[in-house]
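A.B. asks: I would like the atomic coordinates for the input below:
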Amino acid sequence: MTHPSPSRRRTLAAALALATLAGAPLVAHAAFPERSITLVVPTAAGGGNDGMARVVAQKMSQLLGQSVIVENKAGANGAIAAEYVARATPDGHTILFGYIGTHGMSPALQKLRYDPITQFEPIGMVCYSPTLMVINPKVPAKTVAEFVALTKAHPTSYNYASAGNGTAPHFSAEMFKLESGAQMAHVPYRGSAPAMNDTMANQTQVMFPSLFSASSHVKNGKLRALALAGPKRSSLMPDVPTLEEAGIKGVEITQWYALFAPGKTPKAVVDQLNKVLNTALADKDVARRIEEQGAVVDSSTPEALAQTVRQELAKWRGVVQKAQLTAD
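C.D. replies: Numbering: from 1, shown residues only. So this is what the prediction gives:
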């Protein structure tokens, strides 16, 4: 074996030292990334998922030394974007900003043209946001108990909006109906934004969006928050009780968001993306920008995210069976 000369070793050492300076891109080897990375978001521009994705993409671009471009592919409750990434070249240059809908609820409800486990390589968790129960301010209820009583007294007068069949607002409302006995009909929309818009307009009366998506509308008085479908109260809305505190047990829905690469992406590339993602999430400004809007940064290993996906699929398949939900 030929060893490098002393001068060659000094040159290599100097190069390695330069690469570790603050602000140097976190690139494991020269082969990746070769070009810009496309981060596919399964919702329209301007929504909650899109906002989080752009915060993360901006920081990852700085760390990788290559642009991370956000591309929105909305529709079919995230299935269009997920299917697109599942079929992309597995080299790490096309990745998905997935969430509980693409990799938990929707696959549990219906047969899709992608497999959330076999056709993806988990990169890492990004953040999570509890689900918030909101009603139109014109509804004469100030508590969960009052709202449930209203729906029972007027069983054809109250409708709940969802972002579509198989989405978190859909599953949350159905779980709430099971546990509370509330009488309300389902009105599915193509996305969270139009569903919330119609709830604010009193076309529908109640919705279960993420705290991340709904917080600004609650603050400006266009929606009234009744309860949080989470394990504890939020520091953003300390006066809003949990559903359990309001007397409804068993309804805890945490909406999570994570990055995924196409299946068979090399482990070295996945690990590098995980390292860059976790470094981005550890940045105080990134965490602040995400947490200001009601989400909580929650990094993970690829292995931990894979386990979360398996657990979520099993959980929501059980809910589908218990509530006898269908995709129609």
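
A.B. asks: which residues does residue 156 contact?
C.D. replies: Counting by Cβ atoms under 8 Å, 6 or more residues apart in numbering, residue 156 makes contact with 183, 185. Quick note: C-beta positions are derived from backbone N, CA and C, even for glycine.

A.B. asks: actually, residue 143.
C.D. replies: Contact partners of residue 143, counting by Cβ under 8 Å, 6+ apart, are 226, 246.

A.B. asks: can you check residue 290 too?
C.D. replies: Each residue near residue 290 by Cβ under 8 Å, 6+ apart is listed here: 52, 55, 126, 127, 296, 297.

A.B. asks: and after the host helix or strand of it, which helix or strand comes next?
C.D. replies: Assigned by DSSP states H and E, residue 290 belongs to helix 284-291. Going down the chain from helix 284-291, the next helix or strand is strand 296-297, by DSSP H and E.

A.B. asks: now the two most distant members of the contacts of residue 290.
C.D. replies: Largest separation among the contacts of residue 290 by Cβ to Cβ: 55 and 296, giving 13.7 Å.

A.B. asks: pick out whichever of the two has more residues nearby.
C.D. replies: A count of neighbours by other Cβ atoms under 10 Å puts residue 55 above the other of residue 55 and residue 296, at 23 against 17.

A.B. asks: hang on, isn't the more buried one packed against residue 286?
C.D. replies: Yes - Residue 55 is within contact range of residue 286, at 5.9 Å (criterion: Cβ atoms under 8 Å).

A.B. asks: average model confidence for the longest strand along the chain?
C.D. replies: Of all the segments of type strand in the chain, defined by DSSP state E, the longest one is strand 120-135. Here strand 120-135 scores 96 as its mean pLDDT.

A.B. asks: and the angle for it with helix 284-291?
C.D. replies: 50 degrees (axes from the mean of the first three to the mean of the last three Cα atoms, to 10 degrees).

A.B. asks: put the alpha carbons of strand 120-135 into CSV.
C.D. replies: The C-alpha coordinates for strand 120-135 follow below in CSV (Å, rounded to 0.1, in the frame of the first residue of the first chain):
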residue,chain,number,x,y,z
PHE,A,120,-40.3,5.2,1.1
GLU,A,121,-37.1,5.6,3.1
PRO,A,122,-37.8,7.7,6.3
ILE,A,123,-35.4,10.6,6.7
GLY,A,124,-36.6,12.1,10.0
MET,A,125,-39.3,13.8,11.9
VAL,A,126,-39.7,17.6,11.6
CYS,A,127,-42.3,18.7,14.1
TYR,A,128,-45.8,18.0,15.5
SER,A,129,-48.9,20.0,16.2
PRO,A,130,-51.9,19.1,18.4
THR,A,131,-55.4,19.1,16.9
LEU,A,132,-57.7,21.9,17.9
MET,A,133,-61.5,21.8,18.1
VAL,A,134,-62.8,25.1,16.7
ILE,A,135,-66.4,26.3,16.0
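
A.B. asks: run the chain-centre distance for it.
C.D. replies: Relative to its parent chain, strand 120-135 has a centroid offset of 3 Å by Cα atoms, centre = their mean, to the nearest Å.

A.B. asks: for residue 283, which non-adjacent residue is closest in space?
C.D. replies: Excluding the flanking residues, the one nearest residue 283 by Cβ to Cβ, 6 or more residues apart in numbering is residue 59, at 5.8 Å.

A.B. asks: contacts for the one helix or strand that neighbour maps to?
C.D. replies: Using DSSP H and E, residue 59 falls within helix 48-64. When contacts are defined by Cβ under 8 Å, 6+ apart, helix 48-64 is touched by residues 25-27, 33, 37, 39, 41-44, 67-70, 72, 97, 99, 126-127, 129, 192, 210, 212-213, 257, 259, 276-277, 279-281, 283, 286, 289-290, 293, 295.

A.B. asks: pLDDT (mean, whole number) over it?
C.D. replies: Helix 48-64 comes out at a mean pLDDT of 94.

A.B. asks: just use 38 as the starting number from now, easier for me
C.D. replies: In the new count, where the first residue is 38, that last one comes out as helix 85-101.

A.B. asks: tell me the contacts of the residue nearest to residue 81 when sequence neighbours are not counted?
C.D. replies: Distances taken as Cβ to Cβ, 6+ apart place residue 111 nearest to residue 81, at 4.3 Å, with adjacent residues excluded. By Cβ under 8 Å, 6+ apart, the contact list for residue 111 reads 79, 80, 81, 117, 118, 227, 228.

A.B. asks: tell me which residue lies nearest the centroid of this protein.
C.D. replies: The residue lying closest to the centre of the chain (Cα atoms, centre = their mean) is residue 294, at 2.8 Å.

A.B. asks: quick one, phi/psi of that one?
C.D. replies: Phi and psi for residue 294, reported as degrees, to the nearest 10, are phi -130, psi 140.

A.B. asks: can you lay out the contacts of residue 327 as JSON lines showing distance to residue 264?
C.D. replies: Formatted as JSON lines, those follow (distance: Cβ to Cβ, whole Å):
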{"residue": "89", "distance to residue 264": "24"}
{"residue": "92", "distance to residue 264": "28"}
{"residue": "163", "distance to residue 264": "25"}
{"residue": "164", "distance to residue 264": "21"}
{"residue": "333", "distance to residue 264": "18"}
{"residue": "334", "distance to residue 264": "24"}
